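Asker: here is the input, now give the coordinates:
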Amino acid sequence: MNEIQNLAVVGAGTMGLGIAQLGVQHGLPTVLFDLSLTALEKAQAAIAAGLGKLVAKNKLTAEAREAALARLTLTTALADVRADCIIEAVVERLDVKHLLFQQLAAINEPTTILASNTSSLPITQLAAPVPNPERVVGLHFFNPAPLMPLVEVISGVATAAAVADAVEAMARRLGKTPVRAADAPGFIVNRVARHYYVESLKVVEENVAPFEIVDELLEASGFKMGPFRLMDLIGVDTNFSVTSAMFASFHQDGKFRPSRIQQQKVDAGHHGRKTGRGFYTY
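Answerer: Sure thing, here's the model as predicted:
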């Protein structure tokens, strides 16, 4: 398979805009799609600000920043989403991702790579109803995508080896450290890290300690960010959906059981930093 020469990203939320920034920063013409023009405008401003911080730190020249921004195309028309590799960063729902990949397959070449930034849904299931499922692959970035070095590359049962190789090479071009993972619920990082959140929530549910104390103690133990601050950063709703998906994928294994406290936060619309309130108020 040829080297990936251009990129498209579906979803202009925190993850999507971060991935798009990486693309343009490292020389890939990138299309960023979202149904919301407001979301696209916010994403464009965030990408410009992110590149501006690199200029301020002398990690990027002003000229390189302008060149990077010129490589970014914003669109609300799905018909414009054509590229060698398309990365979806939309809601963690299998039905939504299935429909999206089927729509993208209909307007792109059979060789276009369809990559998912899912953090928990099985790639094999994602690929099953998609034409040419051998080009579907998992490409899981971590938040914030421009800063976090790790990327998980996940092959489903049908994923062609050349496709996994191509996205791994692209990840390296984007300055990332790609790691191959088998297609299992949560892959590597989210499966291991899930208990950082789940057990911390149990401590609060059982009135062992308030969430602020849990954060304080874990940060004092060497963690850069406590679990509740981290859930607010990731998105309480996103974190909850990943836990729920893993709970279902592991056939209701109790160690992955979602928390009532987190469910209440989601029901109340307290999704973390992006809504101004989560476990903390921003």
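Asker: show me where the stretch 101-250 of the chain has strands.
Answerer: Using DSSP state E, counting those that start in this stretch, the strands of the stretch 101-250 of the chain run over 113-116, 136-141, 150-155, 177-181.
Asker: export those strands to TSV and tack on mean pLDDT?
Answerer: Converted to TSV, the strands of the stretch 101-250 of the chain look like this (pLDDT from 0 to 100):
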stretch	mean pLDDT
strand 113-116	98
strand 136-141	98
strand 150-155	98
strand 177-181	97
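Asker: turn the ones you listed into TSV, including mean neighbour count and distance to residue 51.
Answerer: Every residue, glycine included, has its C-beta placed from N, CA and C. Formatted as TSV, the strands of the stretch 101-250 of the chain follow (neighbours: other CB atoms under 10 Å; distance: least, CB to CB, whole Å):
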stretch	mean neighbour count	distance to residue 51
strand 113-116	27	23
strand 136-141	26	17
strand 150-155	22	20
strand 177-181	15	21
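Asker: export these to CSV and tack on distance to residue 83?
Answerer: Formatted as CSV, those follow (distance: least, CB to CB, whole Å):
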stretch, distance to residue 83
strand 113-116, 9
strand 136-141, 13
strand 150-155, 18
strand 177-181, 19
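Asker: out of these, nearest to residue 233?
Answerer: Judged by CB to CB, the one of these that comes nearest to residue 233 is strand 136-141, at 14.4 Å.
Asker: where's the closest one relative to the chain centroid, distance-wise?
Answerer: 9 Å (CA atoms, centre = their mean, to the nearest Å).
Asker: may I have the strands that pair with it, each with its orientation?
Answerer: Under the criterion DSSP bridges, strand 136-141 sits next to strand 113-116 (parallel), strand 150-155 (antiparallel) in its sheet.
Asker: Serialize the ones you listed to JSON lines and add fields for distance to residue 270.
Answerer: Converted to JSON lines, the strands paired with strand 136-141 look like this (distance: least, CB to CB, whole Å):
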{"stretch": "strand 113-116", "distance to residue 270": "27"}
{"stretch": "strand 150-155", "distance to residue 270": "28"}
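Asker: nearest to residue 198, of those?
Answerer: Nearest of the strands paired with strand 136-141 (CB to CB): strand 150-155, 20.0 Å.
Asker: any idea of the angle that closest one forms with strand 177-181?
Answerer: 40 degrees (axes from the mean of the first three to the mean of the last three CA atoms, to 10 degrees).
Asker: who's in contact with strand 150-155?
Answerer: Applying CB atoms under 8 Å, 6 or more residues apart in numbering, the contact partners of strand 150-155 are 123, 137-142, 161, 163-164, 167-168, 171, 174, 176-183, 187-189.
Asker: so what's residue 249 up against?
Answerer: 120, 122, 185, 186.
Asker: checking my notes, residue 8 in a strand, right?
Answerer: Yes. Assessed by DSSP: H, G, I helix; E, B strand; the rest coil, residue 8 belongs to a strand.
Asker: ok, it to residue 134 distance?
Answerer: 19 Å (CB to CB, to the nearest Å).
Asker: so which helix or strand takes in residue 23?
Answerer: helix 14-25 (DSSP states H and E).
Asker: that older thread, looking at residue 8 and residue 134, which one has more neighbours?
Answerer: residue 8 (27 against 19; other CB atoms under 10 Å).
Asker: how close does the more buried one sit to residue 18?
Answerer: 15 Å.
Asker: residue 90 now?
Answerer: Taking CB to CB, one finds residue 90 at 14 Å from residue 18.
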